Each structure stands twice: as C-alpha cells, then as structure tokens.
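Undergrad: Just need the structure, nothing else, for what follows:
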Amino acid sequence: MAGSNPKLMHLRLNCFKLEPNWEHILEGIEYGVWEEKEKKKRPRNFKDHYIYRVEEIDCQNGLDFERKSDGMIGTVMHQSDQIDFFVWHDIQF
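TA: Model prediction:
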C-alpha cells in the first residue's frame, strides 16, 4: 500500500447495491473495525468540506487499515448504494 496520491482524502463509488465481500476483497491486507475506546487512531466521523457546506459521514462501521511506512490510516465502508474510501490525514477529534 505505497499509495501515490498524497492529497487523496475521500473517494466515493456509486451503484454498489449489494454488500461487498470484504474478506475476499481485502484478502492479504490487515484490517480491523473501529472501536470507540481506541479513538486515538481516528475519530468516528469524517468531515468532508465543500464550498458551502460540510458533510459529516459516520464511519463507525468502516474497516480500517494502517500503512506500515508512516502509520497513515485508511477506512473503507459500504452504505446505501455506495462505497466510500477515506484517508485520515489530519486527525482532529
């Protein structure tokens, strides 16, 4: 997970009505679920800033993984008919 887009914060993919098989998709990648007591890793909500509003997205049910080289945390989750991927650059609680 070297990643070559250091500015990526949020990626949303639409038209995913069925729940993805995360075990199969993330095979070989260490991941875990968010836990309230481990808030030091990342907050529960992701704030997406637009020009005239802020969208606050509840990421409680997301799957988290950490890049070993720098500790950067990513979260992937399915809700409604979309898949969201978040990168937690500036973690503010």
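
Undergrad: what ranges do the strands span in the protein?
TA: Using DSSP state E, the strands of the chain run over 10-14, 32-33, 45-49, 54-58, 63-66, 73-79, 82-88.

Undergrad: Parallel or antiparallel, list what pairs with the fourth one.
TA: When pairing is defined by DSSP bridges, strand 54-58 lines up against strand 45-49 (antiparallel).

Undergrad: Could you check how far the residue lying closest to residue 8 once chain neighbours are set aside is from residue 7?
TA: Among residues not flanking residue 8 along the chain, residue 87 sits closest, at 5.4 Å (C-beta to C-beta, 6 or more residues apart in numbering). Just so you know, the C-beta spots here come from the backbone N, C-alpha and C atoms, and that holds for glycine as well. Residue 87 sits 9 Å away from residue 7, taking C-beta to C-beta, to the nearest Å as the criterion.

Undergrad: Show me which of the two is the more surrounded one.
TA: residue 87 (18 against 6; other C-beta atoms under 10 Å).
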